[in-house]
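1. Just the structure for this:
(one chain, ligands or ions: 2)
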Amino acid sequence: MEIKEFQEGQSVDFHALIKSISLRETKTGKEYGAVELTDRSGAISGNLWDITDKQKSELTSGVVVHITGVISSYQGKLQIGFQSIQPTSEKAQEYVEAAPADLEKVMNYLTEFISSIENKHWRVIAEKIFEKHEEKFRAYPAAVKVHHAYAGGLAYHTSTMLIKAQAISKFYPWLNKELLCVGVLLHDIGKVLEMPGLFGENYTTEGELLGHLELLLEEIVEICVREDINHHEEDVLLLKHMVASHHGKLEWGTISTPRIPEAALLHMIDKMDAEMEQYRKIYEVLPKGEWTTSKEFFLGNTRVYRGNI
Ligand SMILES: [Fe+2]
Ligand SMILES: [Fe+2]
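-> Ligands and ions are numbered 1, 2, ... in the order given. This is a model prediction of the structure:
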């Protein structure tokens, strides 16, 4: 039984992965677990009332569980009412949604790009950052919930952006294409320091306090100091600006707003890639001729329609 097939009122018996579980209290002070479950088809959440001490220690993020229960609907969203929940020894990987691409090829494409970077400072910075973070970069989603929220999502998002950057820059031959592409390559890699990884929903303390833009800027400066590169020189400064401004607007968490066309274009490509991926995910489950039941916060906070054509 797959999560995407669940319907309101249905009795279900299925296996899924605990994506996150957090302990909360009811108004009367009773402890319960807010559980988020996922399989490759979708995700569902539910509250585990009267959680026992044994369950608290056994049921953690990344554990595959066998569940029986009944599906209900709350504020327009399906949820599971648990009858039983038992840990199993099954592997988490089998239940995690994966990027719709061959990650081996994605990583080869990015590594080849790194070795082709002509500006020596940019190449050293990219090489050192990838040396340090490649494993997590390859495994992590690009976001906990919003876009590319699946295994390999960060690498996939970066590679599809790099393909777009290389194609779009043909229309603007007066831009510094390499600056744009290195900016794309590095823009989100600070997320490996910010996010909890595939499981769990809490950001790291550093991530929460500083965010992935600032965390990456710090890494760049650290590398420059170690590699004897003057990070105040203009090529490094411009690369830092690409990272610092890629969220575009102050209300979207950017450190500075884009002041050069390469940075403006990086932001546009990032936004395009993230938004189109969200539409793709919605269209995977939304039937033709129907609207989403809830407003999509990151798509202009409106409901989304899928046309009949
Ligand atoms: Fe970002
Ligand atoms: Fe991004």
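2. Spatially, what comes nearest to Tyr95 if we skip its sequence neighbours?
-> Leu17 (3.7 Å; CB to CB, 6 or more residues apart in numbering). From N, CA and C alone the C-beta is placed, and that goes for glycine too.
3. The one you found: what secondary structure?
-> strand (DSSP: H, G, I helix; E, B strand; the rest coil).
4. can you count the residues close to it?
-> 25 (other CB atoms under 10 Å).
5. you'd agree it is up against Val96?
-> Yes. Between Leu17 and Val96 there is a contact at 6.5 Å, judged by CB atoms under 8 Å.
6. Find the residues that touch each one of the two.
-> Residues within reach of Leu17 and of Val96 at once, by CB atoms under 8 Å, 6 or more residues apart in numbering, are Thr38.
7. returning to what we had before: residues contacting the residue nearest to Tyr95?
-> 37-39, 62-65, 92, 95-96.
8. Ala149 is in contact with Ala98, correct?
-> No. Ala98 is beyond contact range of Ala149, at 11.5 Å (criterion: CB under 8 Å).
9. out of these two, which sits in the busier spot?
-> Ala149 (19 against 13).
10. What residue, apart from its backbone neighbours, is nearest that one spatially?
-> Pro141 (4.7 Å).
11. That neighbour and ligand 2: what is the separation?
-> To ligand 2, Pro141 is 12 Å away according to CB to the ion, to the nearest Å.
12. from memory that residue sits against Met195, does it?
-> Yes. The criterion here is CB under 8 Å, and Pro141 meets it with Met195 at 7.4 Å.
13. quick one, which of those two is more surrounded?
-> Pro141 (26 against 22).
14. any idea how far the more buried one lies from Gly153?
-> The gap separating Pro141 from Gly153 is 4 Å, by CB to CB, to the nearest Å.
15. repeat for Thr257
-> 26 Å.
16. The closest residue to ligand 2 within the stretch 101-250 of the chain in helix, strand or coil?
-> Relative to ligand 2, the nearest point of the stretch 101-250 of the chain is Asp188 (4.1 Å; CB to the ion). Put simply, Asp188 is coil when judged by three-state DSSP.
17. what about it, how many residues close to it?
-> Asp188 has 26 nearby residues by other CB under 10 Å.
18. Please apply the same query to Leu179.
-> 23.
19. hang on, it packs against Lys240?
-> No. Look at Leu179 against Lys240 with CB under 8 Å: they stay out of range, at 11.3 Å.
20. Tell me the buried residues in stretch 19-26?
-> For stretch 19-26, the neighbour count (16 or more other CB atoms under 10 Å) marks 19-21 as buried.
21. Stretch 213-226 now?
-> 213-217, 219-221, 223-224.
22. Please apply the same query to stretch 254-271.
-> For stretch 254-271, by 16+ other CB under 10 Å, it's 254-255, 258, 260, 262-267, 269-270.
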